[in-house]
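Q: Below are the sequence and a predicted model for it; my questions follow.
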Amino acid sequence: MTSFTIPTIETDKLILRAPHQDDLPAMTAFFASERSHMVGGPKTALETWRSFMGRFGHWAVLGYGGWHIVEKASNAFAGWTGMINAPGWDEPELGWVVMDGFEGKGIAFEAAKAARAYAARHQGLNAPISYIAHDNDRSRALAERLGATYEREGEVVGTPCQVWRHPKLDISDPALTPERTAQ
């Protein structure tokens with residue numbers, strides 16, 4: 001049996017942590033909604049459960065993956081972010097999702113920035129891509145705010161999209177992000 005740890009990252013407003021079983025109802029509701037079409041949905045409850053379980057497998061097999069985002073102020077599960085490299089991906093991708101009610105608070109920016117810095121510093125994943133659906137204006141704006149630039153048209157799992165490239169980070173810069181990690 002493979003042993004692995006999903007690190008916890010703490011920022012000023014957020015905790016990025018391993019998925020918890022209590023997150024599954026909110027994930028299921030999100031993936032049942034039309035809003036999830038930008039990230040592979042809608043999905044059935046079983047498909048959502050498989051996605052949830054796959055997050056653990058990603059860490060176990062690849063040594064990196066995604067975190068669930070908790071907003072400190074409310075202690076609520078707010079979404080997820082992290083590195084994805086599944087069959088059909090060209091290379092590791094930095095992805096993000098925020099749940100209904102958490103948009104417009106800077107949560108996706110703070111979470112994606114911390115995940116990207118951690119991946120660069122600790123996992124050798126610097127200057128990742130992000131796949132962005134053509135009609136996802138909010139994700140495109142977030143990618144730009146993170147310093148990513150449009151690289152090319154692409155496709156992921158048979159779906160046309162844009163490929164955005166994040167800048168290479170100076171991993172020696174302690175001011176890169178206010179992340180604090182705990183094992």
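A: Good, I have the coordinates.
Q: how far away is the residue nearest the centre of the chain from G41?
A: To find the centre residue of the chain, average its C-alpha atoms and take the closest one (Cα atoms, centre = their mean): that gives T81, at 1.9 Å. Going from T81 to G41 by Cβ to Cβ, to the nearest Å gives 17 Å. The way it works is simple: take the backbone N, C-alpha and C, and place the C-beta from them, glycine included.
Q: residues contacting H58?
A: With contacts defined as Cβ atoms under 8 Å, 6 or more residues apart in numbering, H58 is in contact with Y64, G65, G66, I84, N85, A86.
Q: circling back to that earlier point, the residue nearest to the centre of the chain touches W67, doesn't it?
A: Yes - taking Cβ atoms under 8 Å as the definition, T81 is a contact partner of W67 at 6.1 Å.
Q: shared neighbours of those two, anything?
A: Counting by Cβ under 8 Å, 6+ apart, the contacts common to T81 and W67 are L16, A111, A115.
Q: residues making contact with the helix or strand in which the first one is found?
A: By that I understand L16. Of the helices and strands defined by DSSP states H and E, L16 is found in strand 14-17. Contact with strand 14-17 is made by 6, 8-10, 67-72, 78, 81-82, 107, 110-111, 114-115, as judged by Cβ under 8 Å, 6+ apart.
Q: go on, stretch 72-80?
A: Counting by Cβ under 8 Å, 6+ apart, stretch 72-80 makes contact with 13-15, 19-20, 22-23, 26, 55, 66-71, 95-99, 102, 107-108, 111, all of which sit outside it.
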